[in-house]
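>>> Need a 3D model of the following:
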Amino acid sequence: MYATLFDLIKNTIGIEIKPLAIVNTFGLLVAISFFAAYYVMSLELKRLEKEGKIKAKRVNKRYEAVINPMEFIFNGILGFVFGWKIVYMLTNFDLVRQNSQEVIFSTQGSIMWGFIVAAVFVGQKYMEYRAQKKLYPEPVEKEITEHPFQIMGQITIVAFIAGILGAKVFHILEDWSNFIQDPIDAIFSLSGLTYYGGLICGGLGVVYYANKNGIKPLHILDAGATTMMLAYGLGRLGCHLAGDGDWGIDNLAAKPGWIPQFLWSSKYPNNVLNADPGNVIEGCVGPYCNELINPVYPTPLYEVMMCLVLFAILWSIRKRIKIPGMLFGVYLVMNGVERFLIEKIRVNSLYKVFGVEFTQAEMISSIIVLLGIALILYSRKVYKPALV
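Predicted coordinates for the structure are as follows:
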């Protein structure tokens, strides 16, 4: 497995690019999933506007060159943190390789580079002001058309913040015993994110923000159906590549001849959790030198494949579904069934109620399937007569 982009490139093509040691593989795939979500959802909002389901609006916008002290302060702080921490990490490769998270959340850094980069960021902001002043020497107010897809930047930020917070909180609740043992690591660890926490909290944040900007909840949910399926699949690829613990139960059965080994089972060597600490890989040097004692089902990889197939299905039927909310209902059913099935071979904390054992994800996925069915029936009842 590959904890950082440095490890991924080194172990696949044999090239060592030391600065890439600061790029966490799981974090990189999460970032890619957000960029993909941004692109796909922008396309969906454009489609919904073209179909007349959502509309652009005319707004008055004031153009003027103003020196905002808070913007300069923010740029200075951002530049200082970047120079103080990032430049320090780039120039201290071996230290970062030993424990990147400890370096990130420590007070270690370069004060000199912090001030240098802060000056560059503030200077860049000042140049923006000068350019704006030349363009608009006097304040000008114009009426412009604002299309729904143009707020995708803000929607992505809302989804990211609410989603990450929700994913972290749900993971803590799901793994409470480990949180009690080491709360600081549980909170600031770059791994340990529960998908449904991100889905629920991120979705609520996006619906709220979109509704404030004139996009009705069912329409923004429909636009997010294909988006979330694709983003989840890409995120799970990060889980697999990093080996962050979202793997399956032990798989000790003999491999059928027609199935490649990487699809049948894996010991997740060099996983970021350093799981099974007594099982050290012979000859390995570095911070991640353990592998699992027993091979397990590579469930994140299964989810990547399933989600990409489900994304393709949703993408192919999205234009044929005319009833608002129905596409999102179909997504909920697909997502819930997929997650419920994968839970059968996945490692998870078990809850027991009235003698019945289940995982948090099994419970939530079952509820999501029921909500999806309810939304489909509701949408058909309310909106279908209007389309006939």
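>>> C-alpha only now, for contacts and for neighbours.
Noted.
>>> Now do residue 332 against residue 91, distance only.
In this view, residue 332 and residue 91 are 46 Å apart by C-alpha to C-alpha, to the nearest Å.
>>> quick one: which of those two has more around it?
residue 332 (24 against 13; other C-alpha atoms under 10 Å).
>>> Could you check the helix or strand containing residue 9 and say which residues are buried?
Element membership for residue 9, per DSSP states H and E: helix 5-13. The neighbour-count check on helix 5-13 (16 or more other C-alpha atoms under 10 Å) flags 5, 6, 7, 8 as buried.
>>> Repeat that for stretch 239-252.
Buried, per 16+ other C-alpha under 10 Å, within stretch 239-252: 239-251.
>>> could you dump the residues you listed to JSON lines with distance to residue 73, secondary structure and pLDDT?
Below are the buried residues of stretch 239-252 laid out as JSON lines (distance: C-alpha to C-alpha, whole Å; DSSP: H, G, I helix; E, B strand; the rest coil; pLDDT from 0 to 100):
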{"residue": "239", "distance to residue 73": "37", "secondary structure": "helix", "pLDDT": "91"}
{"residue": "240", "distance to residue 73": "40", "secondary structure": "helix", "pLDDT": "94"}
{"residue": "241", "distance to residue 73": "38", "secondary structure": "helix", "pLDDT": "93"}
{"residue": "242", "distance to residue 73": "36", "secondary structure": "helix", "pLDDT": "91"}
{"residue": "243", "distance to residue 73": "39", "secondary structure": "coil", "pLDDT": "90"}
{"residue": "244", "distance to residue 73": "37", "secondary structure": "coil", "pLDDT": "85"}
{"residue": "245", "distance to residue 73": "40", "secondary structure": "coil", "pLDDT": "82"}
{"residue": "246", "distance to residue 73": "41", "secondary structure": "coil", "pLDDT": "85"}
{"residue": "247", "distance to residue 73": "44", "secondary structure": "coil", "pLDDT": "92"}
{"residue": "248", "distance to residue 73": "48", "secondary structure": "strand", "pLDDT": "92"}
{"residue": "249", "distance to residue 73": "50", "secondary structure": "coil", "pLDDT": "92"}
{"residue": "250", "distance to residue 73": "53", "secondary structure": "strand", "pLDDT": "94"}
{"residue": "251", "distance to residue 73": "55", "secondary structure": "coil", "pLDDT": "94"}
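>>> The next helix or strand after the helix holding residue 9: how far from the chain's middle?
Going down the chain from helix 5-13, the next helix or strand is helix 25-50, by DSSP H and E. Remark: helix 25-50 is offset 10 Å from the chain centroid, using C-alpha atoms, centre = their mean, to the nearest Å.
>>> Could you do stretch 49-61 as well?
28 Å.
>>> And the helices in the stretch 51-200 of the chain?
Taking DSSP state H, counting those that start in this stretch as the test, the helices found in the stretch 51-200 of the chain are 69-81, 88-90, 93-98, 100-104, 111-135, 152-174, 176-181, 183-188, 195-212.
>>> ranking these by mean pLDDT, which is last?
Set side by side, the helices of the stretch 51-200 of the chain give their lowest mean pLDDT on helix 183-188, at a mean of 62.
>>> Determine which two of the buried residues of stretch 239-252 are furthest apart.
Checked with C-alpha to C-alpha, the buried residues of stretch 239-252 reach their widest spread between 242 and 251, with 19.7 Å between them.
>>> domain parsing for this structure?
Domains of the chain are assigned by automatic domain parsing as 5-56+147-387, 63-143.
>>> ok, and which of the ones you listed has the densest surroundings?
Among these, judged by mean count of other C-alpha atoms under 10 Å, the one packed with the most neighbours on average is domain 5-56+147-387 (a mean of 18).
>>> Distance from that domain to the middle of the chain?
That offset, for domain 5-56+147-387, works out to 7 Å (C-alpha atoms, centre = their mean).
>>> returning to that earlier point: using PDB, list the CA coordinates for the helix holding residue 9.
Only the C-alpha atoms of helix 5-13 are listed here, as PDB (Å, rounded to 0.1, in the frame of the first residue of the first chain):
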ATOM      1  CA  LEU A   5       2.200   9.900  -3.300                       C
ATOM      2  CA  PHE A   6       5.900   9.500  -3.000                       C
ATOM      3  CA  ASP A   7       5.400   5.800  -2.100                       C
ATOM      4  CA  LEU A   8       2.900   5.300  -4.900                       C
ATOM      5  CA  ILE A   9       5.200   6.600  -7.600                       C
ATOM      6  CA  LYS A  10       8.300   5.000  -6.200                       C
ATOM      7  CA  ASN A  11       6.700   1.500  -5.900                       C
ATOM      8  CA  THR A  12       4.900   1.600  -9.300                       C
ATOM      9  CA  ILE A  13       7.500   3.300 -11.600                       C
END
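>>> List of residues touching that helix?
Here helix 5-13 makes contact (C-alpha atoms under 8 Å, 6 or more residues apart in numbering) with 1-2, 15-25.
>>> what do you get for stretch 107-120?
Contacts of stretch 107-120 (C-alpha under 8 Å, 6+ apart): 75-85, 87-89.
>>> change it to 7 Å
76, 77, 79, 80, 81, 82, 83, 84, 85, 87, 88 (C-alpha atoms under 7 Å, 6 or more residues apart in numbering).
>>> As CSV, the residues you listed with distance to residue 148 would be great.
Formatted as CSV, these follow (distance: C-alpha to C-alpha, whole Å):
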residue, distance to residue 148
76, 32
77, 32
79, 32
80, 35
81, 34
82, 33
83, 36
84, 38
85, 37
87, 38
88, 41
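>>> quick one: residue 32 from residue 311, how far?
16 Å.
>>> oh, I was asking about residue 253
31 Å.
>>> Repeat that for residue 129.
If you go by C-alpha to C-alpha, the gap between residue 129 and residue 311 works out to 44 Å.
>>> Equivalent analysis for residue 201, please.
21 Å.
>>> Then residue 384?
In terms of C-alpha to C-alpha, residue 384 sits 25 Å off from residue 311.
>>> same thing with residue 254?
From residue 254 to residue 311 the distance is 32 Å (C-alpha to C-alpha).
>>> All set, thanks.
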